[in-house]
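In: structure of the sequence below:
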Amino acid sequence: MSLVKKPEMTEKKVAANRRNQSLFHGPATAEGKARIGAAHLRHGFYAKSREVALPCLGEDPAHFEELLQGLYQEFRPVGTLQKELVSRMARVLWLMERADRSQEGYALRRAQSADHGRDNRVHARMMRLKMTAETLRSLARSVACWHYVTTREDLEVMKKLHQEGVMAEMGEIALDLFNYLQAPGTYEDGVSEEEKARGVVNSIRSIFGIAPMEEDVGILTPAGETMVVRAHPPQEVGPPDEESEDTHKDDRYPKITEEDWIARERARKLLRNILSRQAEACEAQRKALLKESLAGPSPYELATEIAPSHADALLMRRLQDANMREVRRLTNLLLKIQRRERKMEGLEASDEDLVCHDVQENKES
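Out: Numbering: from 1, shown residues only. Predicted coordinates for the structure are as follows:
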């Protein structure tokens, strides 16, 4: 039993409700009717797809209606079954067009994002090529000195270029030549025996709280020879700026004889030519890249950038293939039904002709 007392309807209230109801005529315009219909829409399960789903997906229901009417005019379905098959075919074709629009929209988004970042990528590549060319020219100027000996700095720069893969196979050859042109008694890391010995002596002195050595000392090597360790290594004179042959006498490397300098000359010239050619190749690549950037991306580059690479690309392709097979099945089924009906109509017409002929014969007899 409800605790709220139900209002009692009197004749006066009933008459007033009837007068108010006669004054309300509902929405008169199409916009008003659509607004009232949308207000009562809760979940859309029973709503018509062409009126609700298509506008929500940004599609025009009128285009779908044109497709449906075109299929009706082409196949001219008769009966409920044929009409349902034509409607199903129209929906499958519409889904295929939707998949095409989805892929084209994804490709457009990829192309726009690639276009925004293309200038930055090209500019970064040109800057890297220019810096690499300047580095190679600097190394070539260093190697241009006739009494050239590989320094630790040049060796580190060459190792870095080789690791980056700038010179490809030529980088391995250039690195071998740099190692060959090192001073006698120099390890692969570019540190000489004297520098290693000086570091060991200073480390031992620092352990006992003694200041680093201020004068040259002699140490005994494992071979039984005495090696003089200098407190201050000689300052190396940098290579000339101009790419010219420097044939002056160099006394910084007393262990290298004149015959050794002559034997090293061929490797030095080969290394200089390799570095110069690679610098020219980097500059040529930079100019070609600048020319391509001014001309814009080629059709092949655009096709590569918009190629579908998302996880659902293969699934969308399979869905399109499945829709195409569905269209073929529906078309074959519809044509078979129509051929069967025409055959049945032909048989009925022949039966009627036979009946009429028998009737005519009976009358004549």
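In: when you work out contacts or count neighbours from here on, use the C-alpha atoms and nothing else.
Out: Noted.
In: quick check: closest non-adjacent residue to V92.
Out: Excluding the flanking residues, the one nearest V92 by CA to CA, 6 or more residues apart in numbering is N323, at 6.0 Å.
In: I figured that neighbour hits A90, correct?
Out: No - using CA atoms under 8 Å, N323 is not in contact with A90; the gap is 11.1 Å.
In: and the two? which has more neighbours close in?
Out: A90 (22 against 19; other CA atoms under 10 Å).
In: and A62, what pLDDT?
Out: Reading off the confidence values, A62 has pLDDT 87.
In: how about S22?
Out: 72.
In: now do the one 10 residues further on
Out: The predicted local confidence for G32 comes out at a pLDDT of 68.
In: ok, now E214?
Out: Value for E214, per-residue pLDDT: 57.
In: likewise R152?
Out: 88.
In: I'd like to know the average pLDDT value across stretch 72-91.
Out: Across stretch 72-91, the average pLDDT comes to 88.
In: give me the buried positions along that stretch.
Out: For stretch 72-91, the neighbour count (16 or more other CA atoms under 10 Å) marks Y72, P77, Q82, K83, L85, V86, S87, R88, M89, A90, R91 as buried.
In: swap in stretch 320-331?
Out: Buried residues in stretch 320-331, counted by 16+ other CA under 10 Å: Q320, N323, E326, V327, L330, T331.
In: circling back: would you turn the buried residues of stretch 72-91 into a markdown table with secondary structure and distance to Q182?
Out: Below are the buried residues of stretch 72-91 laid out as a markdown table (DSSP: H, G, I helix; E, B strand; the rest coil; distance: CA to CA, whole Å):
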| residue | secondary structure | distance to Q182 |
| --- | --- | --- |
| Y72 | helix | 87 |
| P77 | coil | 91 |
| Q82 | helix | 90 |
| K83 | helix | 89 |
| L85 | helix | 85 |
| V86 | helix | 84 |
| S87 | helix | 84 |
| R88 | helix | 81 |
| M89 | helix | 79 |
| A90 | helix | 79 |
| R91 | helix | 78 |
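In: wait, which of the residues you listed is closest to R118?
Out: Using CA to CA, R91 comes nearest to R118 of the buried residues of stretch 72-91, at 40.1 Å.
In: low pLDDT regions in the stretch 1-150 of the chain?
Out: Scanning the stretch 1-150 of the chain for pLDDT under 70 picks out the ranges 1-6, 24-28, 30, 32-51, 115-117.
In: again, only this time at 90
Out: Across the stretch 1-150 of the chain, the ranges flagged by pLDDT under 90 are 1-65, 67-68, 72, 74-88, 91-92, 94-125, 145-147.
In: coming back round to it: any residues in contact with both of N323 and A90?
Out: Counting by CA atoms under 8 Å, 6 or more residues apart in numbering, N323 and A90 have no shared contacts at all.
In: which residues of this protein fall in strands?
Out: Assigned by DSSP state E, the chain shows strands spanning 217-220, 226-229.
In: burial count for the closest residue to L302 other than its chain neighbours?
Out: Nearest residue to L302, sequence neighbours excluded (CA to CA, 6+ apart): A111, at 7.1 Å. Neighbourhood size, A111 [other CA under 10 Å]: 17.
In: ok, M158 - contacts?
Out: M158 sits next to G171, A174, L175 when contact means CA under 8 Å, 6+ apart.
In: can you put those in JSON lines and add neighbour count, distance to E265 and pLDDT?
Out: Shown next, in JSON lines, are the contacts of M158 (neighbours: other CA atoms under 10 Å; distance: CA to CA, whole Å; pLDDT from 0 to 100):
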{"residue": "G171", "neighbour count": "21", "distance to E265": "20", "pLDDT": "87"}
{"residue": "A174", "neighbour count": "21", "distance to E265": "15", "pLDDT": "90"}
{"residue": "L175", "neighbour count": "19", "distance to E265": "16", "pLDDT": "89"}
